[in-house]
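*Asks:* Predicted structure and sequence below. I'll ask about it afterward.
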Amino acid sequence: MIQILIVAGILACSIMAFRVKRLLVSALWLAGCSALVALLIYLLGAPVVAVIELSVGAGLVTVLFVFAINIAGEEAVSVKALLPKPLAWGLILLAVLLLGWLCLPGLAGVLPAIETRHFADVMWGDRSLDTMLQVVLIFAGVLGVLGLLADGKSNSPEGGHS
C-alpha cells in the first residue's frame, strides 16, 4: 500500500514539475520526485542504488539546476513539442502500468527475495567514501558558483570609500 502512495507522489511531483511556470520551482519539484524515487527503490530492495539516487539525483543535480537557473535567468522560451500528444500520453500510461505491475503485492512471490538493510548502514557504512566525496563535490560546486556570482562585484580600493 505504501508503494502505491509513493508512486502517486512521484506522479504528482513530476506533473507539477511540468505545470509550474518558474524554472526554479520546477527544479524543486524534480528534487521531490527524485527523493520519492529513491525511497521506492529502497523499499523495492536496492538500498545502494537508492542512496546513489538520493545523493546524486535529489542532491547534486538539484543544486546544479538551481545555480544554473540563477545564473542563466528564467526567460520564457517557446518550444514546439517533439512528440505528438497521443503518443506522449500512451508512453506515460505504459510507464505507469509497468510501474504499477512491479509494485503489486501479489507479485512478491515472483520476485526473488532480497535482503533489506537499514538506510543509515548503507549510506554511512558501505558507501561512506562515496557520500563524503559527493558532499565535497557539492560544496566545491556551491563555492565555485558563488565565486562566479561574486566575480562582477569586485571590492577595489580605487572606487571605494576611505
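*Replies:* Right, received. Where do you want to start?
*Asks:* if you skip the residues just before and after it, what's nearest to Leu11?
*Replies:* Beyond its immediate neighbours in the sequence, the residue positioned closest to Leu11 (C-beta to C-beta, 6 or more residues apart in numbering) is Val96, lying 7.1 Å away. C-beta: built from backbone N, CA, C; applies to glycine.
*Asks:* Tell me, how many residues neighbour the one you found?
*Replies:* By the other C-beta atoms under 10 Å criterion, the neighbourhood of Val96 contains 13 residues.
*Asks:* quick one: pLDDT of it?
*Replies:* Confidence at Val96, expressed as pLDDT, is 79.
*Asks:* quick one: low-confidence ranges for this protein?
*Replies:* Judged by pLDDT under 70, the chain has its weakly predicted residues at 76-79, 103-116, 119, 123, 145, 148-162.
*Asks:* related to what we said a few turns ago, quick check: which element contains the residue nearest to Leu11?
*Replies:* Applying DSSP states H and E as the criterion places Val96 in helix 85-103.
*Asks:* elements contacting that helix?
*Replies:* When contacts are defined as 3 or more C-beta pairs under 8 Å, 6 or more residues apart in numbering; DSSP states H and E, helix 85-103 packs onto helix 2-19.
*Asks:* can we see that at 10 Å?
*Replies:* Using 3 or more C-beta pairs under 10 Å, 6 or more residues apart in numbering; DSSP states H and E as the contact criterion, the secondary-structure elements in contact with helix 85-103 are helix 2-19, helix 23-43.
*Asks:* what distance separates the first one from the middle of the whole chain?
*Replies:* Think helix 2-19. Averaged C-alpha coordinates place helix 2-19 at 13 Å from its chain's average position (C-alpha atoms, centre = their mean, to the nearest Å).
*Asks:* ditto for stretch 85-94
*Replies:* Here the centre of mass of C-alpha atoms in stretch 85-94, compared against the chain's by C-alpha atoms, centre = their mean, lies 22 Å away.
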